[in-house]
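Asks: below is the sequence, then the predicted model.
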Amino acid sequence: MSRFNAENLSLAREIIGRYPRPKSALIPLLHLAQEQEGWISEEAMREIAELVGVTPAEVRGTGTFYEMFHFEPIGRYLLNICGTMSCALMGAGDLLHAAEEELGVRAGGTTPDGLITLHRAECQAACTEAPCLQVNYRYRFRVTPDGVRELISELRAGSLADEIPPHGTLATVRQHIPADRAVGAVDPDEDTSPPSWVPVSVEGAR
Amino acid sequence: MSTTEETGAEPEEAIVEPDPDAVAITINGRSVTARRGDLVIAAAERAGDYIPRFCYHPRMSSVGMCRQCLVEIDTGRGPMLQPSCMVTVTEGMVVDTESETSKRAQEGILELLLANHPLDCPVCDKGGECPLQDQAFSHGPGESRYVEEKRHYEKPIPISDLVFLDRERCILCDRCTRFADEVAGDALIHFVDRGNATQVNTFPDEPFSSYFSGNTVQICPVGALTAKPYRFKARPWDLEQVDSTCTSCSVGCRISVHSSRDRILRFQGVDDDAVNWGWLCDRGRFNFESVHSDRRLADPLIRTAEGLATTDWSSALSLTAQLVRSALADGGPESIAILGGARGTNEDALAWSMLADALGVERRDARLGDGVGLDLLDLPRATIAEAAAASTIVLLAPDLKEELPVLHLRLRDAVLRSGAKIIEFTQTGSGLTRHAWRSIRHLPGVGAQTVAEALAEEAVAAQLASGPVVVVAGRANLAESAAALSERVAAVLSAAPDARVLSVMRRGNTAGALAAGLSGSAGAAQILRDAADGRIDLLVLLGSDPLADFPDSRLARTALARVGRIVSLDGHLSASSEQADIVLPVAVMGEKSGTTTNLEGRVTPVAQKVTVHGTARPDWMIALDLADRLDVELEVSDLGDLTSMIELSDDGRWTRPFGATAPTFESVVGTNYDFRLVLSRRLYDAAVSTAASPSLASLPGGRGLSVHPSDLERIGVSSGDDVKVIGSRGSVVLPVCVDDRVNRGTVWAPFNQPAGERSEGDVRDVVDVDASVTDVRIERLS
């Protein structure tokens, strides 16, 4: 079910073609899989392994290292409420409590309708704007418990659909590099040209 | 010195050229000469200063994972703590492995490594030989400050049929995962998750089914990985050990045989620079179980009206001598034939060869129609090290991963680390295909022409001319005549005249048995043909099982049915020995001492570790007993006499010229049939050492026929269906499976697989040993 659809499969092949070694496309393809399904299934990892010529164990091993890849089904919106020092001091606990109450799930859980997953997150690098949260990695600054409730009702109503794409979407604009404009990666083992900085550095030393 | 004496001149002042690779360093206050490129940890160990370590392994790349080897290193900027497995020596480097700072760092790391380690040493198989345990004593702080709950995981999970993983004990040193990826090329285990949750694991439902999985158990520096055959069987301090040689295939890996209470409990790989680098395949590592199998023969058997019945050695040997006498009297020495000898020691083969010489028996062959031609063994023979160091390796061989797994590892390493280039001629693809510089697929039956054309290509010819060339030659297809191989090797040699040849054979001591003289005027095929024609009165099987191992099963069956009498020397009752008139139980590897010869001609000892099963005897002793009863003087009286007969060449190898001429071979191009059969071995098959080892018995894949997807469509069947395979000699029903590695126009079948419920038919029934190739038609079963 969660294999790449036809469009994404051809995109995957294009991405692989950008690298001198197929294996280098592993992480971009994990992003692509997550974009398609919102999370990365075993089936998707198997397909990526086939596409880039590694074992599924290597795909899983690489992918699970990264916090932002999800290997279990996840809601359409991932609500990350920061719980680290600055936000905690500024009332993040109340935000989490409000969200749990509003959603009816504990941190880490997903609402039964599959719409929202609630996480307590580590520092999101916005301490000056504490307490902060992210919805699908889009910031909301200086949030209040009421703000959380309002945000959730907006998400439920679908009124933020334009601003916040479903989980997994990295960007709303897709970059396409036509073949004739691609730089063309060269396999480092096959590149025999001398390092371009050598003459410059000799000049500089003089 | 001798030159000086001859000329009478004064010896010249010795000019010591400074070694360009020598690097002077100081370790713990002493001046030490290291080699350029040495890691500090290795240089220190050679100088006698052991630095504790877990992740560092001399046969794998350094990763600096465990941090246990931190020492103070001063390269002119003052002493700094650095992991000594990641730093290479430089001129003037000062290393202090025992300074207060180094000690504190090492103690700190050990305390951290033990923070989550369960310390269940009393119930852990590794206890007593555990690097973590040992180094916690020698380099640890003695006490831990951690009082927190340790990490918990489900206790051992099977990660393959043979290996269990206890993640609580794991210290994440990356040895097993690095081995799987770097050495074996089967990256089926990997670190999963991150931080405190990091663990080694497989992909769900995709076990670590590597042919080399047992090595991870041996190199695991803690008790995290354990092997099924050894789990809870013994404690290291109860084990006795002796160095020996594995004879599961002809690579001849050096092993250490461990036993307790007179039972072999495990084999460990021994690092021999020339051969196996410490690695073993799982078949070689675990098939020791067959030594203590219930299927072992304990007493001689003779055929009675009710079948085979137990008897005593005296009667069995007298009867055997009587059979020999009457065969000699009735049909002369031509009516006696000897098949086998490749599974025994050099001494076994020598004794039987001498007995045959004394009786005038010329019909003998240690191969079973599945070996290389003797003409190939006359070619300049390469060593494994020469093959690994060659700039070009030409593979005209079976899939080495399936047949000689450790040679596969050595060649894979040669490609990945030394930049050797492999030119592979293959009929099905192999484990080395993905590493080959050129992988040339060809149909069975093509001759020198295809090889010569491929090697004449400009880039290929330039590559061949660029440095030493080694040809690895072996039977890639048992349904194709051995002459085809000789022909193709000759084609390589005419393109690269200085090439050396490494002939690969499956059975362990084929090279030794042939050198001992178990090769006569008639090869195995001729012997069986003669037997089928009723011209053999007495067939002696030296541990060989033609019914299972000869590629043409019809010929083998007819031969054994028509032959006068059969005397079988075997450790286990096999299909062939069940038909014998006399079965003499023999000691198997682990139960007898002597030497063995690997594919290079290298002679290494095999050692007795346990007492023989029942009343079994080594083959050589039986030969001497028989000689005695036949009043033949062999001029040897014990094992030592036989061993001393092995004459090693200057480079320490045992070979002899066979003077065989290369057979002629005509390419077979056209056919009236649809498919050409490729028949080759897999690592796990119905061989008795696998079948009689409980841990391995379930691993053979079973019988079947692999077909390319588009051919499968053409036949009109789907994967899993039964088809009728029709050859010129007969037909057989087999299940098909789809496999896109099989060439179109060919079908592939594994050799000597155990019969399953759905696969009674044996594909060898369609093989004709007299034909150059085996062509088949495939029909749907309606």
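Replies: Received it, and whenever you're ready, just let me know what you need. Treat the numbers as computed from the prediction; the structure is a model and nothing was measured. Residues are numbered from 1 along each chain as shown, chains lettered A, B, ... in the order given.
Asks: okay, CA-based contacts and neighbour counts for the rest of this
Replies: Will do.
Asks: what's the separation between the most centrally placed residue in chain A and A:Leu78?
Replies: Centrality entry for chain A: nearest residue to the mean C-alpha point is A:Met68, 5.0 Å, by C-alpha atoms, centre = their mean. Look at A:Met68 and A:Leu78: by C-alpha to C-alpha, to the nearest Å, they are 11 Å apart.
Asks: strands of the stretch 201-350 of chain B, residue ranges please.
Replies: With DSSP state E, counting those that start in this stretch applied, the stretch 201-350 of chain B shows strands at B:225-227, B:240-245, B:254-260, B:263-269, B:301-304, B:307-310, B:336-340, listed in chain order.
Asks: closest residue of the stretch 351-500 of chain B to chain A?
Replies: The shortest separation between the stretch 351-500 of chain B and chain A is 10.4 Å, found at B:Arg434 (distances taken as C-alpha to the nearest C-alpha).
Asks: next one: phi and psi at that residue?
Replies: Note on B:Arg434: backbone dihedrals following degrees, to the nearest 10 are phi -70, psi -20.
Asks: determine the three-state secondary structure at B:Lys103.
Replies: Under the three-state scheme (DSSP: H, G, I helix; E, B strand; the rest coil), the conformation of B:Lys103 reads as helix.
Asks: what parts of chain A come near chain B?
Replies: Taking C-alpha under 8 Å from any C-alpha of the partner chain as the criterion, the neighbours of chain B within chain A are A:54-58, A:60-62, A:64-66.
Asks: count the residues that sit near the nearest residue in space to A:Ile27 that is not next to it in sequence.
Replies: If you skip the residues right next to it in sequence, A:Ile27 has A:Gly63 as its closest partner in space, 7.2 Å away by C-alpha to C-alpha, 6 or more residues apart in numbering or on different chains. By other C-alpha atoms under 10 Å in any protein chain shown, 23 other residues sit near A:Gly63.
Asks: just to revisit the earlier point, distance of the residue nearest to the centre of chain A from A:Leu26?
Replies: Noted for A:Met68: a distance of 15 Å to A:Leu26, by C-alpha to C-alpha.
Asks: ditto for B:Asp770
Replies: Counting by C-alpha to C-alpha, the gap between B:Asp770 and A:Leu26 amounts to 52 Å.
Asks: who's more crowded, those two?
Replies: For B:Asp770 versus A:Leu26, the count of surrounding residues by other C-alpha under 10 Å is larger for A:Leu26: 24 against 13.
Asks: show me the shaky parts of chain B.
Replies: B:1-14, B:759 (pLDDT under 70).
Asks: so which bits of it are right by chain A?
Replies: Counting by C-alpha under 8 Å from any C-alpha, the residues of chain B close to chain A are B:186-194, B:201-203.
Asks: go with 10 Å
Replies: By the rule C-alpha under 10 Å from any C-alpha of the partner chain, the part of chain B lying against chain A is B:181, B:186-195, B:197-204, B:206-208.
Asks: only the buried subset of those residues, as a ChimeraX command please.
Replies: The following ChimeraX selection, which keeps only the buried ones among the residues of chain B next to chain A, applies the criterion 16 or more other C-alpha atoms under 10 Å in any protein chain shown:
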select /B:181,186,187,188,189,190,191,192,193,199,200,201,202,203,207,208
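Asks: my guess is B:Ser326 contacts B:Gly332. True?
Replies: Yes - counting by C-alpha atoms under 10 Å, B:Ser326 does reach B:Gly332; the two are 8.9 Å apart.
Asks: pull up the overlap in contacts between those two.
Replies: A shared contact of B:Ser326 and B:Gly332, defined by C-alpha atoms under 10 Å, 6 or more residues apart in numbering or on different chains, is any residue touching both; here these are B:Asp537.
Asks: just the helices in chain A please.
Replies: Listed from the start of the chain, chain A has helices (DSSP state H) covering A:6-17, A:26-37, A:42-52, A:56-63, A:85-89, A:92-103, A:145-157, A:197-205.
Asks: mind putting those helices in CSV, distance to B:Gly252 included?
Replies: CSV is the format used below for the helices of chain A (distance: least, C-alpha to C-alpha, whole Å):
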stretch, distance to B:Gly252
helix A:6-17, 43
helix A:26-37, 40
helix A:42-52, 36
helix A:56-63, 32
helix A:85-89, 63
helix A:92-103, 65
helix A:145-157, 68
helix A:197-205, 51
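Asks: redo those as JSON lines? Include mean pLDDT and distance to B:Ile302.
Replies: Rendered in JSON lines, the data for the helices of chain A read as follows (pLDDT from 0 to 100; distance: least, C-alpha to C-alpha, whole Å):
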{"stretch": "helix A:6-17", "mean pLDDT": "92", "distance to B:Ile302": "68"}
{"stretch": "helix A:26-37", "mean pLDDT": "95", "distance to B:Ile302": "65"}
{"stretch": "helix A:42-52", "mean pLDDT": "96", "distance to B:Ile302": "57"}
{"stretch": "helix A:56-63", "mean pLDDT": "97", "distance to B:Ile302": "55"}
{"stretch": "helix A:85-89", "mean pLDDT": "96", "distance to B:Ile302": "86"}
{"stretch": "helix A:92-103", "mean pLDDT": "96", "distance to B:Ile302": "83"}
{"stretch": "helix A:145-157", "mean pLDDT": "95", "distance to B:Ile302": "87"}
{"stretch": "helix A:197-205", "mean pLDDT": "50", "distance to B:Ile302": "84"}
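Asks: how does chain A divide into domains?
Replies: Under automatic domain parsing, the residue ranges defining each domain of chain A are A:6-63, A:77-157.
Asks: residue for residue, what is the longest helix chain B has?
Replies: Longest helix in chain B, counting by DSSP H: helix B:313-331.
Asks: pull the residues that contact it.
Replies: Surrounding helix B:313-331, the residues in contact under the criterion C-alpha under 10 Å, 6+ apart are B:299-302, B:310, B:332-336, B:359-361, B:535-540, B:564-567, B:581-585, B:615-617, B:622-623, B:625-631.
Asks: if we go to 8 Å?
Replies: B:299-302, B:333, B:335-336, B:537-538, B:565, B:567, B:582, B:584, B:625-626, B:629-630 (C-alpha atoms under 8 Å, 6 or more residues apart in numbering or on different chains).
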